[in-house]
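Chemist: Give the three-dimensional model of this entry:
(4 chains)
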Protein chains: 2
Amino acid sequence: MTVGKSTMKTVGDDISWKAQNNGTIGIHPCASCDVRTRAVCSALSNDELKELALHSRHRAIDAGETVFFEGDPTEAYYVVMDGALKLYKLLADGRRQITGFLFKGDFLGLAYCEDHSFSAEALKDSKLCQLPKGQFEAMADESGALGRRLLSIATSGVACAQEQMLLLGRKTAAERLASFLLWLSSAQGRGGDDSADLISVPMSRADMADYLGLTVETVSRTVTKFKTGKLIRLQAQNGIEICDRGELEAIAAGEAA
Amino acid sequence: MTVGKSTMKTVGDDISWKAQNNGTIGIHPCASCDVRTRAVCSALSNDELKELALHSRHRAIDAGETVFFEGDPTEAYYVVMDGALKLYKLLADGRRQITGFLFKGDFLGLAYCEDHSFSAEALKDSKLCQLPKGQFEAMADESGALGRRLLSIATSGVACAQEQMLLLGRKTAAERLASFLLWLSSAQGRGGDDSADLISVPMSRADMADYLGLTVETVSRTVTKFKTGKLIRLQAQNGIEICDRGELEAIAAGEAA
DNA sequence: CGTCGCATTGACTCTATTCAATCCGGGTGG
DNA sequence: CCACCCGGATTGAATAGAGTCAATGCGACG
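Modeler: Alright, predicted model coming up:
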């Protein structure tokens, strides 16, 4: 198992300071950031945001590139500005468990941890906003709002993880896939009305398998079964259309016949 | 699946106010609490502690009794003063996944969540210190130390949960049991030197199975295999002695032959 | 001493894995 | 333009690891 240091190009200091001054937000690079209102940053005052922006760096990550490896010392936290990431852990012989996927607006990192307890890799070309560990932690210590926001992120992370434990420990392959598709749908519904019926699946079958605790073959077979049963329809560009949400929900909950 | 409201006797207002005044701690009921230095409470000043104690209640929970059910509105947080609890989630047909065990000193509850996302039940007769939700949250909002402590608890909860996902998604029965025994050992080592070789197992085989994503039979068979292989020895009163920690560690990590 | 609940063991089954072949779409180079 | 190639996805056949069903063992307790 190769666990090396991550190397990556830093887009660097080229944060735009040209954002328009609208009188309330003031001039700072985050003014033009479209995840600002959704991400952790929303817990910061304009002054704090400005301060933090002084130390932040944007990083472009290509698909397949690693942000950091499990065991690496934590040097920074990140906000996903665009793209998608997978988080995973490995066993000595290469068996892999994906512990989560991150999308636009999500926060990456575990507060106050010395070392990363998982690896993070881009599913597709992505943009991250990198926040230096020390700087960010100091700010979290100062700002009650940021601390509370981080707590709420961690808390929902725990709830999510417990749901996934239920899936991994007790659900059948079909139940796992159904749960996954519905989760993906609701994740993509964030921002829009509700959950989308046409979902884009940025991860490979192998990634889905490693997230669901199955093999590629089983995922593929189960997808086919859902397709045959007219629960879903495969679309171009890794799209999946949910045709019978009710039935999928019943399956996901373990209520199916 | 019966999911009712939890009912429980409240030991009530009989918190002892007789703790000795040693000049620094001052007179308050927590002075005599032996988990005070380990639990969340350690993040509070004496004044804060005193304030919180005014609203706290001790609850005695019998083995098998439920503290709260998944879906119940969160009305309080708890500190486990003594005993052991299991946290679990259920599927519609009764399949159960235990998502964690709590011991003396552990914190019970997910900060700022409206409803409980899991049920909590005592493994054996236990004592809890109940902290009213509103009171405690207000205090967390005020005190940076408490907020940070809660964040660190939630954060290590996430790391723990991810480790468990790896176990549930990718480990074999033997690897799961080995990981579990070592975890239990290190959990009981807290307070003592390091990890204990003689561990007490307060949960039934069924609980172990539901925690490890296995069946009772498989757990039992695997225990027998370990016993036969001289990796462990069963002791009286649900005790298990670890005889070959190195081999167990190798198995747990997935490095065994 | 008998009973009850949990744990263990045995025999058989089944779901998901493994191993292997084929398919499909996109990109490349002749 | 089209044949070729490559990686991911799908499908098939055989296998294995854990599950299921059922019987027995064992210790605590009345």
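Chemist: List the buried residues in the lengthiest helix in chain A.
Modeler: Counting by DSSP state H, the longest helix found in chain A is helix A:144-170. Buried residues in helix A:144-170, counted by 16 or more other CB atoms under 10 Å in any protein chain shown: A:144, A:146-170. Heads up, the C-betas are built off the backbone N, CA and C, glycines and all.
Chemist: so does the next helix or strand along the chain from it get close to DNA strand C?
Modeler: Once the chain leaves helix A:144-170, the next helix or strand it forms, by DSSP states H and E, is helix A:173-189. Yes: Helix A:173-189 reaches DNA strand C (CB under 7 Å from any atom of the strand) through A:173-174.
Chemist: Give me the contact list for helix A:173-189.
Modeler: Helix A:173-189 has contacts (CB atoms under 8 Å, 6 or more residues apart in numbering or on different chains) with A:101, A:103, A:167-168, A:171, A:194-197, A:199-201, A:208, A:211-214, A:218-219, A:221-223, A:225-226, A:231-232, A:240, A:242, A:245, A:248-249, A:251-252, A:254, A:256.
Chemist: angle of that helix against helix A:144-170?
Modeler: Angle, helix A:173-189 to helix A:144-170, by axes from the mean of the first three to the mean of the last three CA atoms, to 10 degrees: 160 degrees.
Chemist: Can you show me the CA trace of helix A:173-189 as CSV?
Modeler: Output of helix A:173-189 as CSV, limited to C-alpha atoms (Å, rounded to 0.1, in the frame of the first residue of the first chain):
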residue,chain,number,x,y,z
ALA,A,173,-27.3,-5.1,-1.6
ALA,A,174,-30.6,-3.8,-3.0
GLU,A,175,-31.4,-1.8,0.2
ARG,A,176,-27.9,-0.3,0.1
LEU,A,177,-28.1,0.8,-3.5
ALA,A,178,-31.6,2.3,-3.0
SER,A,179,-30.5,4.2,0.0
PHE,A,180,-27.5,5.5,-1.9
LEU,A,181,-29.5,6.7,-4.8
LEU,A,182,-31.9,8.5,-2.6
TRP,A,183,-29.2,10.1,-0.6
LEU,A,184,-27.5,11.2,-3.8
SER,A,185,-30.7,12.6,-5.0
SER,A,186,-31.3,14.6,-1.8
ALA,A,187,-27.7,15.8,-1.7
GLN,A,188,-28.2,17.2,-5.2
GLY,A,189,-31.5,18.6,-4.3
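Chemist: before we move on, the earlier item: return only those of the buried residues of helix A:144-170 found close to chain B.
Modeler: Contacts with chain B within the buried residues of helix A:144-170, counted by CB under 8 Å from any CB of the partner chain: A:144, A:147-148, A:150-152, A:154-155, A:157-159, A:161-166, A:168-170.
Chemist: Let me see the backbone angles for A:Gly71.
Modeler: Here is the backbone geometry of A:Gly71 (degrees, to the nearest 10): phi 100, psi -20.
Chemist: Name the secondary structure element that contains the residue most central in space within chain A.
Modeler: For chain A, the residue nearest the mean C-alpha position is A:Leu102 (0.6 Å; CA atoms, centre = their mean). Assigned by DSSP H and E, A:Leu102 falls within strand A:96-103.
Chemist: which other helices and strands contact the next helix or strand after that strand?
Modeler: For strand A:96-103, the succeeding helix or strand toward the C-terminus, using DSSP H and E, is strand A:107-108. Judged by 3 or more CB pairs under 8 Å, 6 or more residues apart in numbering or on different chains; DSSP states H and E, the packing partners of strand A:107-108 are strand A:76-90.
Chemist: now check the strand it packs on, is it near chain B?
Modeler: Yes: judged by CB under 8 Å from any CB, strand A:76-90 comes into contact with chain B at A:87, A:89.
Chemist: just checking, what packs against that strand?
Modeler: strand A:57-61, strand A:96-103, strand A:107-108, strand A:119-132, helix A:133-142, helix A:205-212, helix B:144-170.
Chemist: what do you get if the cut-off is 10 Å, keeping everything else the same?
Modeler: If you count contacts as 3 or more CB pairs under 10 Å, 6 or more residues apart in numbering or on different chains; DSSP states H and E, strand A:76-90 packs onto strand A:57-61, strand A:66-68, strand A:96-103, strand A:107-108, strand A:119-132, helix A:133-142, helix A:205-212, helix B:144-170.
Chemist: okay, the angle between the lowest-mean-pLDDT helix or strand in chain A and strand A:119-132?
Modeler: Every helix and strand of chain A was ranked by mean pLDDT, DSSP states H and E. The lowest is helix A:46-55, at a mean of 89. Here the directions of helix A:46-55 and strand A:119-132 differ by 120 degrees (the same axes, to 10 degrees).
Chemist: anything in helix A:46-55 near chain B?
Modeler: No: using CB under 10 Å from any CB of the partner chain, we find that helix A:46-55 stays clear of chain B, coming within 15.0 Å at best.
Chemist: Would you indicate which residues of that helix are buried?
Modeler: Neighbour-count burial for helix A:46-55 flags A:48-53 (criterion: 16+ other CB under 10 Å).
Chemist: Just grab the bridge partners of A:Glu121 for me.
Modeler: On the basis of DSSP bridges, A:Glu121 takes part in beta bridges with A:Thr66, A:Lys86.
Chemist: Kindly provide the distance from it to B:Gln188.
Modeler: Between A:Glu121 and B:Gln188 the computed distance is 36 Å (CB to CB, to the nearest Å).
Chemist: Which one's more surrounded, those two?
Modeler: Set side by side, A:Glu121 and B:Gln188 show more neighbours around A:Glu121, with 20 against 17, by other CB atoms under 10 Å in any protein chain shown.
Chemist: which ones are touching that one?
Modeler: Shown in contact with A:Glu121 (CB atoms under 10 Å, 6 or more residues apart in numbering or on different chains): A:6, A:61, A:63-69, A:85-88, A:98, A:207.
Chemist: and the gap between it and DNA strand D?
Modeler: In this view, A:Glu121 and DNA strand D are 13 Å apart by CB to the nearest atom of the strand, to the nearest Å.
Chemist: what's the answer for A:Lys86, then?
Modeler: 13 Å.
Chemist: how deep is that residue tucked in, by neighbour count?
Modeler: By the criterion of other CB under 10 Å, A:Lys86 has 22 neighbours.
Chemist: about what we covered before: just how off-centre is the least confident helix or strand of chain A within its chain?
Modeler: Chain-centre distance of helix A:46-55: 24 Å, with CA atoms, centre = their mean, to the nearest Å.
Chemist: Which strands or helices does it pack on?
Modeler: Taking 3+ CB pairs under 10 Å, 6+ apart as the contact cut, helix A:46-55 packs with strand A:119-132, helix A:133-142, helix A:144-170.
Chemist: Select, out of those, the one closest to DNA strand C.
Modeler: For DNA strand C, the closest of the helices and strands packed on helix A:46-55 is helix A:144-170, at 10.3 Å, according to CB to the nearest atom of the strand.
Chemist: now the closest one against helix B:205-212, angle please.
Modeler: Using the same axes, to 10 degrees: helix A:144-170 against helix B:205-212 is 120 degrees.
Chemist: Helix A:144-170 near DNA strand D anywhere?
Modeler: No: if you take CB under 7 Å from any atom of the strand as the test, helix A:144-170 misses DNA strand D, and the best it gets is 8.6 Å.
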